[in-house]
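[1] predicted model and sequence follow; I will ask about them next.
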There are 2 protein chains.
Amino acid sequence: MPSLPKTLTAAMADTVEQVEAAIEVLLPRSNLMEARLFDAMRYGCLGGGKRLRPFLVMESARMFGVNPACALRTAAAVEFIHCYSLVHDDLPAMDDSELRRGRKTVHLEFDEATAILAGDGLLTQAFEILADHETHEDPQVRCKLVAALAKAAGPRGMVGGQMLDLIAETTPLDIGAITRLQRLKTGEMIAFSAVAGAILGRAGAPQHHALQAYAHDLGLAFQIADDLLDVEGSQDEVGKPVGRDDVAGKATFVSILGTERARDQARRLAGQAAQHLEIFGDRADMLRQVAHYVVERRT
Amino acid sequence: MPSLPKTLTAAMADTVEQVEAAIEVLLPRSNLMEARLFDAMRYGCLGGGKRLRPFLVMESARMFGVNPACALRTAAAVEFIHCYSLVHDDLPAMDDSELRRGRKTVHLEFDEATAILAGDGLLTQAFEILADHETHEDPQVRCKLVAALAKAAGPRGMVGGQMLDLIAETTPLDIGAITRLQRLKTGEMIAFSAVAGAILGRAGAPQHHALQAYAHDLGLAFQIADDLLDVEGSQDEVGKPVGRDDVAGKATFVSILGTERARDQARRLAGQAAQHLEIFGDRADMLRQVAHYVVERRT
């Protein structure tokens, strides 16, 4: 029997703690001569972040009665990949960011070469974690996880979205192109996270599709909310510089729709996301609450 | 029955052609807005290279009667990872190289941000390829490939070696530390390539161990030969700038042992590598020849 739903805040705080502990185990401090690499990897993925993607993994896995230890390894792998993407995204040649989660970015705390390698290391280790038998007894399930995560993170997913984001700096994009950019850049990883529970729980196609549809709307709602925070939030709240899209002249949902319509759209998508979860009954209450949380959050 | 051994040169040329064709299929040109990413990935891994690692995969797989199409996918995945490491290694923040395989490096042909993403894309897609059922019917085998390749390429493998290489620029290393650096930086990927055939062929422990021991000596011999080429070769032959270790004041096998002892050591290791293959009889002739090739090559 699934445990009783806690409030979303408490449940998310729980996941933050669990993910932190899991990363400590998967990526311990090193005594080796190359310890600096492990320090940079740890700096890049410990101590911060909402852990939204791990939370989606944990919650979707809970719905199917998946062993929480297996779900947690999958959640950590997703977070490794999310954090690698931030480390590389912040590099001088990319977004050239100085601040992330309220702290110096990895290439400033360490150096550029170390940041490149730390990102590479996190990305690679994520797949090592997923392929290990501790993540799931069934190798078929592990292969599915690896294939789906690699697709979500790779050139036809997140990395493709990052490329589009670079192109958007010099090429005006219409709303369709921006929607596709965001679906690739953040949507695919969010979708993997939500579907991971169904893969781990060997759920049927209807469950897969429901989570996929949920994640699709959730990802877009999340991104519009992110664009709104970039316009309306403060650096202290958000933990990274704000207003940068505007300065860069980059088209976003907000620059095209305006803040009011963008906010309406985000709320509409959040509601729609929640509706896709009907087949799960009240087991999906937490995932429904997440949909509303992502559009109302201030960080 | 395995096909008759061809001469090494012909067999290696064959692999070069097959790998090129496989990459064309796995990484076709794109019509999407982010086509530049795919162009950069293709530029980074098509048209050049000895394809030594793929050759080791193909030859070790042949010894166990593995379906060549499966071996070729594995070989391509290894080459994706090898090429990603070169793309990132050449970046201004790393080795800052202008020339690779006789052509401009990816960040000069495209730009730095695109080179970072192209490397990330190649790394990620390698795991997607391995996890796919087309690579092997048995998901257990695919998981083993993913786990072993991720370990060889990750922070306790190649990426750790690259970190040590950065450290070597400012810290004097003794022969033990250099041996460890090279084992991590190039040895682990060479070892994976040689063992991949045994994984694909579900071979027993003695076969695994023999290939592991072969690859260990082969990897060191390869690296000493590389250091010798950096001292004795010309840019035209090698396809990249030479003499850079010396200018950087980096300790290498050659700077510590001198060219004569280094060459002796490389030949000794190549002979030793070949001896580990005894249990395979003449099926391993090609792998024996490779060991001698890597120390006598001029490119």
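    On my side now, so go ahead. The model shown is predicted, which means the values in this text are computed figures rather than measured ones.
[2] quick one: the strands in the stretch 101-250 of chain A?
    A:103-104 (DSSP state E, counting those that start in this stretch).
[3] where in it is pLDDT low?
    A:238, A:242, A:246-248 (pLDDT under 70).
[4] mind redoing it with 50?
    Scanning the stretch 101-250 of chain A for pLDDT under 50 picks out no residues.
[5] quick check, residue A:147 in contact with residue B:132.
    Yes: contact criterion C-beta atoms under 8 Å: residue A:147 and residue B:132 qualify, at 6.0 Å. C-beta here means a position set from N, CA and C on the backbone, and glycine is covered the same way.
[6] for stretch A:252-268, output the C-alpha coordinates as CSV.
    Extracted C-alpha coordinates of stretch A:252-268, given in CSV (Å, rounded to 0.1, in the frame of the first residue of the first chain):
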residue,chain,number,x,y,z
THR,A,252,10.8,33.9,-25.1
PHE,A,253,7.2,32.9,-24.3
VAL,A,254,7.0,36.1,-22.3
SER,A,255,8.4,38.4,-24.9
ILE,A,256,6.0,37.1,-27.5
LEU,A,257,2.8,36.6,-25.4
GLY,A,258,3.4,39.3,-22.7
THR,A,259,3.4,38.5,-19.0
GLU,A,260,-0.4,38.2,-18.5
ARG,A,261,-1.1,35.9,-21.4
ALA,A,262,2.0,33.9,-20.5
ARG,A,263,0.9,33.5,-16.9
ASP,A,264,-2.6,32.4,-18.1
GLN,A,265,-1.1,29.9,-20.5
ALA,A,266,1.2,28.4,-17.8
ARG,A,267,-1.8,28.0,-15.5
ARG,A,268,-3.9,26.5,-18.2
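[7] on that earlier part again, residue A:147 and residue B:132: who's more crowded?
    Neighbour count, other C-beta atoms under 10 Å in any protein chain shown: between residue A:147 and residue B:132, residue A:147 has more, with 21 against 18.
[8] give the contact list for that one.
    Contact analysis of residue A:147 by C-beta atoms under 8 Å, 6 or more residues apart in numbering or on different chains lists B:128, B:131-132.
[9] cutoff 10 Å now
    Neighbouring residues of residue A:147 by C-beta atoms under 10 Å, 6 or more residues apart in numbering or on different chains: A:130, A:199, B:127-133, B:142, B:146.
[10] spatially nearest residue to residue A:40 (excluding sequence neighbours)?
    Once flanking residues are discounted, residue A:40 sits nearest to residue A:118: 3.8 Å by C-beta to C-beta, 6 or more residues apart in numbering or on different chains.
[11] quick one: contacts for that neighbour?
    Neighbouring residues of residue A:118 by C-beta under 10 Å, 6+ apart: A:36-45, A:83-84, A:87-88, A:106-107, A:110, B:155, B:159, B:163.
[12] of the contacts of residue A:147, select the buried ones using a PyMOL command.
    Filtering these down to the buried ones (16 or more other C-beta atoms under 10 Å in any protein chain shown) takes a single PyMOL command:
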select buried, (chain A and resi 130+199) or (chain B and resi 127+128+129+130+131+132+142+146)
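[13] any idea how far the residue nearest to residue A:40 is from residue A:110?
    7 Å (C-beta to C-beta, to the nearest Å).
[14] got any residues that touch both of these two?
    Joint contacts of residue A:118 and residue A:110 (C-beta under 10 Å, 6+ apart) are A:36-37, A:39-40, A:43-44, A:87.
[15] of those residues, which belong to strands?
    The members of those all map outside strands under DSSP state E.
[16] so which of those are in helices?
    Using DSSP state H, the subset of the shared contacts of residue A:118 and residue A:110 located in helices is A:36-37, A:39-40, A:43-44, A:87.
[17] out of the contacts of residue A:147, who's nearest residue A:151?
    Closest approach to residue A:151 among the contacts of residue A:147 (C-beta to C-beta): residue B:128, at 5.7 Å.
[18] packing partners for the helix or strand harbouring residue A:21?
    Secondary structure from DSSP states H and E places residue A:21 in helix A:8-26. The helices and strands touching helix A:8-26, judged by 3 or more C-beta pairs under 10 Å, 6 or more residues apart in numbering or on different chains; DSSP states H and E, are helix A:35-45, helix A:52-63, helix A:68-89, helix A:112-131, helix A:285-296.
[19] please repeat the previous calculation with a cut-off of 6 Å.
    Packing contacts for helix A:8-26, counted by 3 or more C-beta pairs under 6 Å, 6 or more residues apart in numbering or on different chains; DSSP states H and E, involve helix A:52-63, helix A:68-89, helix A:285-296.
[20] the inter-axis angle of that helix versus helix A:112-131?
    100 degrees (axes from the mean of the first three to the mean of the last three C-alpha atoms, to 10 degrees).
[21] and helix A:8-26, average pLDDT?
    Averaging pLDDT along helix A:8-26 yields 96.
[22] show the model's pLDDT score for the residue of chain A most remote from its centre.
    Most distant from the centre of chain A: residue A:33, at 31.8 Å, with distances by C-alpha atoms, centre = their mean. With respect to pLDDT, residue A:33 scores 96.
[23] tell me the contacts of the spatially most central residue of chain A?
    Centroid-nearest residue in chain A: residue A:53, 4.3 Å away (criterion: C-alpha atoms, centre = their mean). Residue A:53 sits next to A:78, A:82, A:193 when contact means C-beta atoms under 6 Å, 6 or more residues apart in numbering or on different chains.
[24] for it, which non-adjacent residue is closest in space?
    residue A:193 is the one closest to residue A:53 (C-beta to C-beta, 6+ apart), at 4.2 Å.
[25] and what of residue A:18?
    Distances taken as C-beta to C-beta, 6+ apart put residue A:72 closest to residue A:18, at 5.8 Å, once the chain neighbours are dropped.
[26] show me what the longest helix seen in chain A is packed against.
    Criterion DSSP H: the longest helix present in chain A is helix A:205-232. Identification of packing neighbours for helix A:205-232 by 3+ C-beta pairs under 6 Å, 6+ apart yields helix A:188-200, helix A:253-257, helix A:259-275, helix A:285-296.
[27] coming back round to it: is it true that the residue nearest to residue A:18 touches residue A:22?
    Yes: the pair residue A:72 / residue A:22 is scored as a contact, 5.0 Å apart, by C-beta atoms under 6 Å.
[28] which of these two has more residues huddled nearby?
    residue A:72 (23 against 19).
[29] how close does that one get to chain B?
    18 Å (C-beta to the nearest C-beta, to the nearest Å).
[30] same check on residue A:102?
    As judged by C-beta to the nearest C-beta, residue A:102 and chain B stand 24 Å apart.
[31] what residues are up against that residue?
    Counting by C-beta under 6 Å, 6+ apart, residue A:102 touches residue A:239.
[32] for residue A:149, same thing?
    With contact set as C-beta under 6 Å, 6+ apart, residue A:149 has these partners: residue A:192.
[33] recalculate using a threshold of 10 Å.
    Residue A:149 neighbours (C-beta under 10 Å, 6+ apart): A:74, A:77-78, A:81, A:126-127, A:130, A:157, A:188-189, A:192-193, A:196, A:199, B:124, B:127-128, B:131.
[34] what's the neighbour count on residue A:290?
    By other C-beta under 10 Å, the residues close to residue A:290 number 24.
[35] wait, isn't residue A:156 in contact with residue B:128?
    Yes: using C-beta atoms under 10 Å, residue A:156 is in contact with residue B:128, at 9.0 Å.
[36] and for the two, which residues touch both?
    With C-beta under 10 Å, 6+ apart, residue A:156 and residue B:128 have common neighbours residue A:150.
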